[in-house]
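> Predicted model follows, preceded by the sequence.
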Amino acid sequence: MSLLKVENLNVFYGDVQVLHEVSLEVGRGEVVTIVGANAAGKSTLLRALSGLLKKVSGSIHFNSEEILGKPAFEIAEKGLIHVPEGRRVFPLLTVQENLEIGAYTQRVRGNLKGKLREVYEIFPALDEHKGQAAGSLSGGEQQMLAIARGLMADPILLMIDEPSLGLAPILVAKTFQTLEEIKKEDVTILLVEQNVVRALEFSDRAYVLENGRVTLQGTGPELLKDPYLKKAYMGL
């Protein structure tokens, strides 16, 4: 049974339709990636799933429950956690204060110390800088903090939007190593990522979103070999 099942999702910004009849599934324990060009609607999809957008129709079932129309805080309480594009850490707060803000769900509040310990084990560099202002971290460290803050909410499904955006190649490699560690913790991941090759290598399955519509889907290895995808997104 799917952990997340999206059927015929339509999303509007004002009178402009951005997503058209989008359907996808994420199984428990899977890594599923959404790839596509800029302005394809990838970030809009994640915002719709996390309850941040209101002009939405269709169906979104999470953990066998319809969540379309529920407020974002209720969706987060159910374990669907969104790490948005652009890091968005609280720059004047310390690393640990940023992490503590992530532990806002009721399921985590009684185990804050334990959750901090788990997250610092995955992100030892954050442990070293836990008393430092988040705004003074490097771009790569801020991205790690944003992902770690998402993990503090004890997600059942973690949605991560463009984690490698703007990072140097060595930091991109580090980011995907970290995602591998998170995957080992049995966290289901829905990933939006511009680095198509790395994303497909990492994923169990993937969907290609173009102009707000799903145009291709398959396993990561299948799509890596797809002639159209190789030409359009990999420069091959």
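Thanks, I have the structure now. Numbering: from 1, shown residues only.

> Quick check, central residue of this protein?
Ile160 (1.6 Å; CA atoms, centre = their mean).

> OK, contacts around the nearest residue in space to it that is not next to it in sequence?
The shortest distance from Ile160 to any residue that is not its chain neighbour, by CB to CB, 6 or more residues apart in numbering, is 4.6 Å, and that residue is Val83. For every residue, glycine as well, the C-beta is placed using N, CA and C. With contacts defined as CB atoms under 8 Å, 6 or more residues apart in numbering, Val83 is in contact with 146-147, 149-150, 158-161, 163.

> quick one: Val95 and Glu128 touch, right?
No: Val95 sits out of contact with Glu128 when judged by CB atoms under 8 Å, with a separation of 9.1 Å.

> Between the two, which is the more surrounded one?
Neighbour totals were compared for Val95 and Glu128, and Val95 leads with 28 against 12 (other CB atoms under 10 Å).

> Grab the nearest non-local neighbour of that one.
The spatial neighbour of Val95 that comes closest, neighbours along the chain excluded (CB to CB, 6+ apart), is Lys130 at 4.7 Å.

> need the contact list for Val196.
Per CB under 8 Å, 6+ apart, neighbours of Val196: 35, 229, 233-234.

> Tell me the pLDDT of the closest residue to it other than its chain neighbours.
In this structure, Val196 finds its nearest non-sequential neighbour in Tyr233, 4.5 Å apart by CB to CB, 6+ apart. The confidence metric pLDDT takes the value 78 at Tyr233.

> just the helices in this protein please.
42-49, 72-77, 95-102, 106-109, 112-122, 124-128, 139-152, 169-184, 196-202, 220-224, 227-233 (DSSP state H).

> buried ones in the last one?
Judged by neighbour count (16 or more other CB atoms under 10 Å), helix 227-233 contains these buried residues: 229, 232-233.

> and which of those residues is nearest to Leu45?
Tyr233 (17.2 Å; CB to CB).

> my read: that closest one touches Asn38, true?
No: the pair Tyr233 and Asn38 does not pass the contact test of CB under 8 Å, sitting 11.5 Å apart.

> Quick one: residues in contact with the least confident helix or strand in the chain by mean pLDDT.
Of all the helices and strands that make up the chain, helix 106-109 has the lowest average by mean pLDDT, DSSP states H and E, namely a mean of 80. Residues outside helix 106-109 that contact it (CB under 8 Å, 6+ apart): 77, 79, 103, 115, 152-154.

> Repeat that for stretch 46-58.
Counting contacts by CB under 8 Å, 6+ apart, the residues touching stretch 46-58 from outside are 4, 6-14, 19, 21-22, 44, 60, 67-72, 74-76, 80-82, 84, 159, 161, 190, 192.

> The residues you listed, buried ones only, as a ChimeraX selection?
Typed into ChimeraX, the line below selects the buried ones among the contacts of stretch 46-58, using 16+ other CB under 10 Å:
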select :4,6,9,10,11,19,22,44,60,67,68,70,75,76,80,81,82,84,159,161,190,192
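
> List the ones among the contacts of stretch 46-58 that fall in strands.
Counted as lying in strands by DSSP state E, out of the contacts of stretch 46-58, are 4, 6-13, 19, 21-22, 60, 80-82, 159, 161, 190, 192.
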